[in-house]
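S.K.: below is the sequence, then the predicted model.
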2 protein chains.
Amino acid sequence: MELTDRKKKVLRSVVDLYIRTAEPVGSKAITELPDMNYSSATIRNEMADLTAMGYLEQPHTSAGRIPSAAGYRLYVDELMMDYRLSVDETKSINIAIEEKMQKVDKMVEKVAKLVSQATNLPAISAASRHGSACIKRFDLILAAKSSVILVLMLPNDQAVNKVIKLPLAVTETDLKLLSAVLNATMTEIPLEDFTAELMEKVMRSAGAAASLVPVIVDFTQETLRNQDSTNMAVFGQSRLLTLPEYRDVEKAQRVMASIDEDALSNLPAVMQNENGTKVIVGPENVADELKDTSVVMTKFDIGDGLQGMIGVVGPTRMDYAKVTARLSYFAESLSKMFAKPESPQLPEPVPEEPHE
Amino acid sequence: MELTDRKKKVLRSVVDLYIRTAEPVGSKAITELPDMNYSSATIRNEMADLTAMGYLEQPHTSAGRIPSAAGYRLYVDELMMDYRLSVDETKSINIAIEEKMQKVDKMVEKVAKLVSQATNLPAISAASRHGSACIKRFDLILAAKSSVILVLMLPNDQAVNKVIKLPLAVTETDLKLLSAVLNATMTEIPLEDFTAELMEKVMRSAGAAASLVPVIVDFTQETLRNQDSTNMAVFGQSRLLTLPEYRDVEKAQRVMASIDEDALSNLPAVMQNENGTKVIVGPENVADELKDTSVVMTKFDIGDGLQGMIGVVGPTRMDYAKVTARLSYFAESLSKMFAKPESPQLPEPVPEEPHE
DNA sequence: CTTAGCACTCCTTTTCCCCGAGTGCTAAGC
DNA sequence: GCTTAGCACTCGGGGAAAAGGAGTGCTAAG
């Protein structure tokens, strides 16, 4: 059977209405829509066809139709009208984002909260590294006779440090040498390249402070491993409960628990290879508990090799048009924000003045 | 009317049973308890008295009794039997805690998760600073001709850093001088002492690199402010939905939303002046939405002026004995864990020595 | 191809009634 | 005087039955 334009129009109407009302849509409701100059009988025939084609479902004989997963898919891919954000909406998103988000991990939490408020759905946000992290620079600071502070500089200009107690005294000159060696051999390389040979090579050229090398390498590897991990936050789970589909407590509980239990932890990885906004309709989810839950996600750029992601979780009946529009706008604004230098640069050069 | 021993015993039994069953408790159920050698009529009389005294309530005439807030209060303060943790329980808590918790903020999240799992209730955990934070040590590292890395060392050996772009070249010697000045004047002092005079004093002695001072001071203040803030995490909200009192979705939604909306953000402050475990019974909560929700909290010591707190949120009918026992054990184990030095302490900053 | 008409389905809501757990009171018993 | 057996009464919960109604598929006419 062919999917005529009229069938598409009917399908779109059914999805639109169902999104709004959460009730099965009957033929009469469709005829009452503007631009639908057919009788209910005609619509009924079309709906019967759409049901046969798998785009609609019937909860029971004497009920209206609801979209099937395939129906939603078609709707998302082809039928839904672009939702235009109102000036108010863009304004309030911008105001929300403007508030300072200093550290990336705090930012992740705040963004989740904002997105959740903007969509009235539980939101996830994450920051993860694409590609391997590396160390940009090593510094060794002599703190006292027998202890050294190791400072690792990451590509995003964050520093990680560790205090190392020494079994024997080291001179500042030793440390200079060692840090030169470290900076020459162990910077800009990914975790995988930290081989035993590399370590030996470093140790040979490390001179008096060679005994420090194993500790340093260990800590460096650990740091890189941590860097590769993803930072995720979820917010607003309770909003699920405002929706009629989650009147059923059991169902709500299952979904919320599976959100807690990291059912979504693979999303950042999934987004890696996606562009734009991705919609996962109900059964397309891998996790069983989310089979009747949809996920909409989009990514944004944090810079420094960090990849941001925001998304929401909601019922398959979710206002995809509105949600994708808002998410995209969020992502865009965030990308812009991170593109701007976050902290004010030093003021114009001032000529040194003589003083005291 | 006097609260005889028998009345207390009856009250305790009612609370115990109601905690277990979530159903109003009738006189017959009480008589069936071991150690209750009275007829149901006698118990009925006692229960009528307890109701008159305000410790019990009757949902409707022909139903059993449920404890009132006052009843729970009395139960928590005087009547409940100590719950002894089984070896299995202590073991599993210890195993859970043993997993490395490196950074304090990650730790906060993990602990919330663990507590939630151990109690089957939503858990809150927080780390907050009592008393003012300070900087333990400043380091300036010359990264390139015109950029300097500022590393602030906090008392807990965490490092915070910032890259400062310079308007003009600075020598390593300039930086040595500046960092010596900073370490001499700006370490170990709280945020409040960062006055304009202090800054001027530093600038006068800072030499060639004086233009860096404002940026450094700004960043330092910001860092200290951040340190003062409380780090909180909530986990396991969905567990509320497993309890019969939250069959009512509206109610669950209200409670969960108010947890999200920081209704609990004052808890760390409240705990400041408390010792041991604090139980807030339903209506004792300030927030209206939590009037029929109880909170149990306890604190633990992280060291370095950081105060940890863990707590759970649940129905007024909550197994206070079990929950307080588990929380206390958690707190104890965590305090112990943080008492072990995780990393060697940083020695005093040493006066600069001539080198090269 | 469209549409009015109609019989039919079956879910939802409402109503009604019964059941029984639990009560308070009274009077008898220890 | 405290305890307890007995009893009439209350009232919510639950299930069956009935009413209501939205929506369907089919047929036949336009």
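M.R.: Here it is on my side, so go on.

S.K.: contacts for the helix or strand harbouring A:Ser128, please.
M.R.: In the assignment (DSSP states H and E), A:Ser128 maps to strand A:123-129. Contacts with strand A:123-129, where a contact means CB atoms under 8 Å, 6 or more residues apart in numbering or on different chains, come from A:104-105, A:107-109, A:111-116, A:227-236, A:259, A:264, A:267-269, A:297, A:302, A:305-313. In this view, the C-beta of every residue, glycine as well, is placed from N, C-alpha and C.

S.K.: could you give the mean pLDDT of that strand?
M.R.: The pLDDT scores in strand A:123-129 average 87.

S.K.: before we move on, what about stretch A:13-23?
M.R.: For stretch A:13-23, mean pLDDT rounds to 94.

S.K.: buried stuff in that stretch?
M.R.: The neighbour-count check on stretch A:13-23 (16 or more other CB atoms under 10 Å in any protein chain shown) flags A:Ser13, A:Val14, A:Val15, A:Asp16, A:Leu17, A:Tyr18, A:Ile19 as buried.

S.K.: tally of neighbours for A:Arg225?
M.R.: Here the number of neighbours of A:Arg225 (other CB atoms under 10 Å in any protein chain shown) works out to 11.

S.K.: what secondary structure does A:Lys162 sit in?
M.R.: At A:Lys162 the chain is in strand, as set by DSSP: H, G, I helix; E, B strand; the rest coil.

S.K.: so how far is the strand holding A:Ser128 off the chain centroid?
M.R.: 3 Å (CA atoms, centre = their mean, to the nearest Å).

S.K.: alpha carbons of the following helix or strand past that strand, in PDB - could you do that?
M.R.: Sequence-wise, the next helix or strand downstream of strand A:123-129 (DSSP H and E) is strand A:137-144. Only the C-alpha atoms of strand A:137-144 are listed here, as PDB (Å, rounded to 0.1, in the frame of the first residue of the first chain):
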ATOM      1  CA  ARG A 137      53.300  19.500  30.700                       C
ATOM      2  CA  PHE A 138      55.000  18.200  33.800                       C
ATOM      3  CA  ASP A 139      56.300  20.300  36.600                       C
ATOM      4  CA  LEU A 140      58.200  19.300  39.700                       C
ATOM      5  CA  ILE A 141      58.300  21.600  42.600                       C
ATOM      6  CA  LEU A 142      60.600  21.000  45.500                       C
ATOM      7  CA  ALA A 143      58.600  21.500  48.600                       C
ATOM      8  CA  ALA A 144      61.000  20.500  51.300                       C
END
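
S.K.: wait, doesn't A:Glu174 sit right on A:Ala208?
M.R.: One correction, residue A:174 is Asp, not Glu. Yes. Contact criterion CB atoms under 8 Å: A:Asp174 and A:Ala208 qualify, at 4.3 Å.

S.K.: what pLDDT does the model give A:Glu342?
M.R.: On pLDDT, A:Glu342 comes in at 47.

S.K.: over to A:Gly276?
M.R.: With respect to pLDDT, A:Gly276 scores 86.

S.K.: quick check: closest non-adjacent residue to it.
M.R.: Take A:Gly276 and drop its neighbours on the chain: the residue closest to it by CB to CB, 6 or more residues apart in numbering or on different chains is A:Thr298, 6.7 Å away.

S.K.: contact residues of chain A facing DNA strand C?
M.R.: Contact residues, chain A versus DNA strand C (CB under 7 Å from any atom of the strand): A:Asn37, A:Tyr38, A:Ser39, A:Ala41, A:Thr42, A:Asn45, A:Pro59, A:His60, A:Thr61, A:Ser62, A:Ala63.

S.K.: domains of chain A?
M.R.: Following automatic domain parsing, one finds the domains of chain A at A:5-79, A:87-122+A:236-339, A:137-228.

S.K.: the last one vs chain B: in contact?
M.R.: I take that to be domain A:137-228. Yes. Shown here: domain A:137-228 in contact with chain B (CB under 8 Å from any CB of the partner chain) through A:137, A:139, A:141-144, A:147, A:149, A:151, A:153, A:157-165, A:172-173, A:226.

S.K.: hang on, A:Lys28 packs against A:Tyr38?
M.R.: No. A:Lys28 lies out of contact with A:Tyr38 (CB under 8 Å); the separation is 11.5 Å.

S.K.: about what we covered before: of the domains of chain A, which is nearest DNA strand D?
M.R.: Of all those, it is domain A:5-79 that lies closest to DNA strand D, at 2.8 Å by CB to the nearest atom of the strand.

S.K.: reformat the residues of chain A next to DNA strand C as CSV; add secondary structure and distance to chain B.
M.R.: Compiled in CSV, the residues of chain A next to DNA strand C are given as follows (DSSP: H, G, I helix; E, B strand; the rest coil; distance: CB to the nearest CB, whole Å):
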residue, secondary structure, distance to chain B
A:Asn37, coil, 41
A:Tyr38, coil, 39
A:Ser39, coil, 40
A:Ala41, helix, 39
A:Thr42, helix, 39
A:Asn45, helix, 39
A:Pro59, coil, 21
A:His60, coil, 24
A:Thr61, coil, 29
A:Ser62, coil, 28
A:Ala63, coil, 23
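
S.K.: need the buried ones from those residues selected in PyMOL.
M.R.: Command for PyMOL that selects the buried part of those, burial taken from 16+ other CB under 10 Å:
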select buried, chain A and resi 38+42
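
S.K.: of the residues of chain A next to DNA strand C, closest to B:Gln221?
M.R.: B:Gln221 has its nearest neighbour among the residues of chain A next to DNA strand C in A:Pro59, at 61.3 Å by CB to CB.

S.K.: just give the nearest non-adjacent residue to that closest one, would you?
M.R.: A:Pro24 (5.8 Å).

S.K.: now do the phi/psi pair for that neighbour.
M.R.: Note on A:Pro24: its backbone torsions stand at phi -50, psi 140 [degrees, to the nearest 10].

S.K.: mind listing the helices for the stretch 1-150 of chain A?
M.R.: Along the stretch 1-150 of chain A, the segments classed as helices by DSSP state H, counting those that start in this stretch run A:5-21, A:27-31, A:40-52, A:69-74, A:87-98, A:104-119.

S.K.: what would these look like in CSV with distance to DNA strand D?
M.R.: Putting those into CSV (distance: least, CB to the nearest atom of the strand, whole Å) gives the following:
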stretch, distance to DNA strand D
helix A:5-21, 9
helix A:27-31, 4
helix A:40-52, 4
helix A:69-74, 14
helix A:87-98, 31
helix A:104-119, 28
